[in-house]
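Participant: got a sequence here, can you build the structure:
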Amino acid sequence: MTWEPERLDDQRHLSEADPGGMLPAVAASAAHIRTGYRNAVEARVDRLAGSRPRAIVVAGMGGAGIAGDILAAVVGNGSPLPIVTVRSYLLPGWVGATDLVIAVSGSGATEETLALATQAVRRGCTLLGVGAPDSPLEAVAVQASAMYVPVPVTGQSRANLWLLSVPPIVAAAALRLVQADADLFERVAKSLEDIAHRCRPSSESFINPGKSLAMDLAETVPMIWGSSPVAAVAAHRLASQLNANAKYPAIHGELPEAGHHQVAALDGPLAERDIFADTAGRTLRLVVLRDVEEHPQVTRRREASLRLAGERDVPVTELAAEGVHPLERMASLIGLGDFASTYLALGYDIDPTPVSAITEVKARISQ
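Facilitator: Just a heads-up that it's a prediction; the model follows:
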């Protein structure tokens, strides 16, 4: 697999190398925002209004699990209750009847999520399910007389991020944990439509931000930092999308924590570049996702880290979040990253949709 940037402007290649339609799926993000909101309203998630759980636990794996991180970041540090994401088979021992468990699964059949939903019912928790209609997860919810938001997930769960992430935010709005109404979701949808237009396949690399970011990342090992909880979720999402779509290694972190360990990699072997080498080796690239709500000390740490990278000739990419509401800002970073990860795959002539290694692991443990 070799990186050939000219592939990104070859319309025939972009179509033929993406038989699963990951590019169209990413471009459908705006529609997913609107559908996720409409389905949550139709499922009467607002029935949660007037209640106040002790904690919210979001159960999910992979592309569905990040819905919990999105929820926590959107609600923010001012939340009067903890919002925890559980990515495993067991609920923490403290979760009980006064807590709300939101089980999220694109397929509605994720074994870890089903295990957590079943435990939530047994413990008397309030349960909200989000996932495919007529699925095992919906069956658990129906049997427990719990709320369920059916969403029309197609293909990989990671390509349906907003279908799965919007209903928990609507639930949080019903609980008065965050201001999120129809106008907000429409603004986010329009922002994602604008990103899809600028990152469309027919837009050439020199003006296409998705292709440009893919070209930055190619032949490097990305170290992706977020400068706030909102940006950190986008950093996590970008690293995960690089793993799944482009089958590409990446690490992510959040400032200031990343400045206490990951920054040391700027002095490591991948930070060294041999200008006399016959072929370019893969080197470290620092990718910083910036947000307007940075702590002043985080801003100083970010600026110092960027200067440090520059002094060591480590290439740097900076991306700034756009928008006012935390969900708008997060979506602006995630939307661009989703396109970049797909274009990176196509530049390496990799089909971004299949995840054969994941499928093989699941098959081996089921035997």
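Participant: can you tell me the centre-most residue of the protein?
Facilitator: residue 237 (3.3 Å; Cα atoms, centre = their mean).
Participant: list the contacts for that residue?
Facilitator: Each residue near residue 237 by Cβ atoms under 8 Å, 6 or more residues apart in numbering is listed here: 66, 161, 334, 337-338. Backbone N, C-alpha and C define where each C-beta goes, glycine included.
Participant: and the gap between it and residue 330?
Facilitator: Per Cβ to Cβ, to the nearest Å, residue 237 is found 9 Å from residue 330.
Participant: other residues contacting stretch 89-97?
Facilitator: With Cβ under 8 Å, 6+ apart, stretch 89-97 has contacts from 54-55, 57, 59, 84, 86, 101, 111-112, 115-116, 119-120, 123-125.
Participant: give the buried residues for it.
Facilitator: 91, 95 (16 or more other Cβ atoms under 10 Å).
Participant: from here on, count from 27
Facilitator: Sounds good: first residue 27 from here, last item stretch 115-123.
Participant: starting at the chain centroid, how far to it?
Facilitator: On the basis of Cα atoms, centre = their mean, to the nearest Å, stretch 115-123 sits 25 Å off its chain's mean C-alpha point.
Participant: next: stretch 385-393.
Facilitator: Relative to its parent chain, stretch 385-393 has a centroid offset of 25 Å by Cα atoms, centre = their mean.
Participant: same check, this time on stretch 82-94
Facilitator: With Cα atoms, centre = their mean, you get 10 Å for stretch 82-94.
Participant: now do it: distance from first to last residue.
Facilitator: 9 Å (Cα to Cα, to the nearest Å).
Participant: neighbours of residue 283, how many?
Facilitator: Residue 283: 11 surrounding residues under other Cβ atoms under 10 Å.
Participant: and if you look at residue 295?
Facilitator: 9.
Participant: tell me the pLDDT at it?
Facilitator: Residue 295 is assigned 91 on the pLDDT scale.
Participant: neighbour-wise, which of the contacts of stretch 115-123 leads?
Facilitator: Taking other Cβ under 10 Å as the neighbour criterion, residue 85 ranks highest of the contacts of stretch 115-123 with 33 neighbours.
Participant: so what's the residue nearest to it when sequence neighbours are not counted up against?
Facilitator: Spatial nearest neighbour of residue 85, excluding adjacent residues (Cβ to Cβ, 6 or more residues apart in numbering): residue 142 at 3.8 Å. For residue 142, the contacting residues are 85, 112, 114-117, 127, 129, by Cβ under 8 Å, 6+ apart.
Participant: again, but for residue 368
Facilitator: Counting by Cβ under 8 Å, 6+ apart, residue 368 touches 44, 48-49, 52, 236, 267, 271-272, 378.
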